[in-house]
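Visitor: Sequence first, predicted model second:
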Amino acid sequence: MKKVAVVGCGTYMESGYGCPGEWRCLKAAALGEGTFDEPSTVVSFVTCECPGRAVVPNLGMAAKLSEMKPDKIYFSTCLTKGQPACPYFTPEELAKIVQDKTGVQVTLGTHDYH
């Protein structure tokens, strides 16, 4: 089973813009739905906090503490499609930074649940 890390938008999740938390991302990963091509084990779930500078260190710390490096990193649907959009980075810009620093492929979005 593939090991994955999920990065959610902390502001979106905490501000009540419609995301009740990470359950939709966890469901999609467990069932292999949405952008997950197979059922996957979530080995870490970190939030991106404005302005996004801590995402890479937080992913590194999560991998170190769990002693499991993810095979793939997924940016949550709220991080990639949430409105209002992030004023600091586009999802593509942040994904490139994360991928370049971690060496792990990043997928944009986790699910299409409404």
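Guide: Cool, got the structure.

Visitor: what comes up buried for the helix or strand of the chain with the lowest mean pLDDT?
Guide: Least confident helix or strand, the chain: helix 10-14 with a mean of 84, by mean pLDDT, DSSP states H and E. Of the residues in helix 10-14, 10-13 count as buried by neighbour count, 16 or more other CB atoms under 10 Å. Placement of C-beta: from N, CA and C, glycine included.

Visitor: From those residues, pick the one nearest P70.
Guide: Closest approach to P70 among the buried residues of helix 10-14 (CB to CB): G10, at 18.9 Å.

Visitor: who's in contact with the nearest residue to the closest one once chain neighbours are set aside?
Guide: Closest residue to G10 apart from its sequence neighbours, by CB to CB, 6 or more residues apart in numbering: T47 at 3.5 Å. By CB atoms under 8 Å, 6 or more residues apart in numbering, T47 lies in contact with 7-10, 13.

Visitor: List the neighbouring strands of the helix or strand in which T47 is found plus their orientation.
Guide: Using DSSP states H and E, T47 maps to strand 40-48. Sheet pairing of strand 40-48 (DSSP bridges) gives strand 2-9 (parallel).

Visitor: can you give me the helices in the chain?
Guide: Counting by DSSP state H, the chain has helices at residues 10-14, 23-31, 55-66, 77-81, 91-102.

Visitor: What is the first one packed up against?
Guide: It stands for helix 10-14. Counting contacts by 3 or more CB pairs under 8 Å, 6 or more residues apart in numbering; DSSP states H and E, helix 10-14 is packed against strand 40-48, helix 77-81.

Visitor: which of those has the lowest average pLDDT?
Guide: Note on the helices and strands packed on helix 10-14: helix 77-81 shows the lowest mean pLDDT, a mean of 91.

Visitor: Outside of that helix itself, list whatever touches it.
Guide: Helix 77-81 is touched from outside by 7-9, 12-13, 17-19, 24-25, 34, 48, 86, 91, 94, 108-112, with contacts defined as CB under 8 Å, 6+ apart.
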